[in-house]
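Undergrad: Whatever this is, show me its structure:
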Amino acid sequence: MRIGFLIFPGLTQLDFTGPYEVLARLPGAEIHLLWKNGEPVRTEHGLALIPTTILEAAPQLDLLCVPGGPGVNELLTDGEVLAFLKRSAASARWVTSVCTGALVLGAAGLLQGRRATTHWMSRHFLADFGATPVEERIVVDGNVVTGGGVTAGIDFALRIAGEVAGREVAEAIQLGIEYDPEPPFDAGTPRSAPRAIVEQAEALAADRQRYRAEQVARAASLLKDLPART
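TA: Okay, the predicted model is just below:
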């Protein structure tokens, strides 16, 4: 089971490390951390990740996963990355994303005509790429699986583990990582969080979201002449 995670400057580490912790426990898993070169990649808060495989040397993958984070904004118009994703997705059994990694799949033309989800702040952008935004934690459409924001990556990976290796294996992995969340606050979605907290989060992200909107528009314009997925 060859699993490839795209890592990039400015990714949100839990988008990657959450599903990594689950999928790396699959029997026979072979994990590749993919980037343009072998230099350490810094996450949005400075954690250094070391790529294991450069994009041009990546093997054929069974599962391709794109995490999200602020660095997604730059990837939306990165021709080298988008071309790699198109090539890899053509032969992958599963094409997946966590959080705003879905926007990168969209920019690569991989979500046209599909249902998909992403972080609540960016879910509406999916429509620009011809996808149907869905307010769910995990969305499966054919061989494309998208997870919601950040922590949804763990749920998403357990769902994949169950599909790939069966429920008992997935349950054993869940038990092994003692994934039994009991958050102390009911503020995990805009539906349940106090309105003042939602507004604070939106204000803190305003500059990033404005730039993201510009990048989505640029990326979507490059897809306008592509045929719809059949």
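Undergrad: excluding its backbone neighbours, what's nearest Trp35?
TA: Excluding the flanking residues, the one nearest Trp35 by Cβ to Cβ, 6 or more residues apart in numbering is Pro51, at 4.0 Å. In short, each C-beta sits where N, CA and C put it, glycine included.
Undergrad: these two touch, right, the one you found and Asn37?
TA: Yes: using Cβ atoms under 8 Å, Pro51 makes contact with Asn37 at a distance of 7.2 Å.
Undergrad: Mind telling me what element the residue in the chain sticking out farthest from the centre is part of?
TA: Within the chain, Ala196 marks the point farthest from the mean C-alpha position, 27.7 Å out by Cα atoms, centre = their mean. Using DSSP states H and E, Ala196 sits within helix 195-204.
Undergrad: got a list of contacts for the helix or strand just after that helix?
TA: Helices and strands here follow DSSP H and E; after helix 195-204, the next one along the chain is helix 206-223. Here helix 206-223 makes contact (Cβ atoms under 8 Å, 6 or more residues apart in numbering) with 70, 72-74, 76-77, 100, 103, 106-107, 109, 112, 121-122, 125, 128-130, 202.
Undergrad: Go through stretch 198-208 and flag the buried ones.
TA: By 16 or more other Cβ atoms under 10 Å, the buried positions in stretch 198-208 come out as Val198.
Undergrad: tell me the mean pLDDT over that stretch?
TA: For stretch 198-208, the mean per-residue pLDDT is 97.
Undergrad: Who are the contact partners of Leu23?
TA: Leu23 sits next to Ile3, Ala29, Ile31, Leu63, Cys65, Ala157, Ile160, Ala161 when contact means Cβ under 8 Å, 6+ apart.
Undergrad: Please apply the same query to Thr151.
TA: For Thr151, the contact set (Cβ under 8 Å, 6+ apart) comprises Leu14, Gly18, Pro181, Gly188.
Undergrad: in which helix or strand would I find the second one?
TA: Under DSSP H and E, the secondary-structure element containing Gly18 is helix 13-23.
Undergrad: what does Leu33 give?
TA: strand 30-35.
Undergrad: Could I get the buried residue list for that strand?
TA: Ile31, His32, Leu33, Leu34, Trp35.
Undergrad: now do stretch 76-87
TA: Neighbour-count burial for stretch 76-87 flags Leu76, Thr77, Asp78, Val81, Leu82, Phe84, Leu85 (criterion: 16+ other Cβ under 10 Å).
Undergrad: Check the spacing between the residue farthest from the centre of the chain and Gln209 real quick.
TA: Distance, Ala196 to Gln209, using Cβ to Cβ, to the nearest Å: 19 Å.
Undergrad: swap in Leu14?
TA: 20 Å.
Undergrad: And Asp128, by the same measure?
TA: Using Cβ to Cβ, Asp128 is found at 14 Å from Gln209.
Undergrad: Of the two, give the one with the bigger neighbour count.
TA: Neighbour count, other Cβ atoms under 10 Å: between Asp128 and Gln209, Asp128 has more, with 18 against 15.
Undergrad: Give the helix, strand or coil label for the more buried one.
TA: The three-state label given to Asp128 by DSSP: H, G, I helix; E, B strand; the rest coil is helix.
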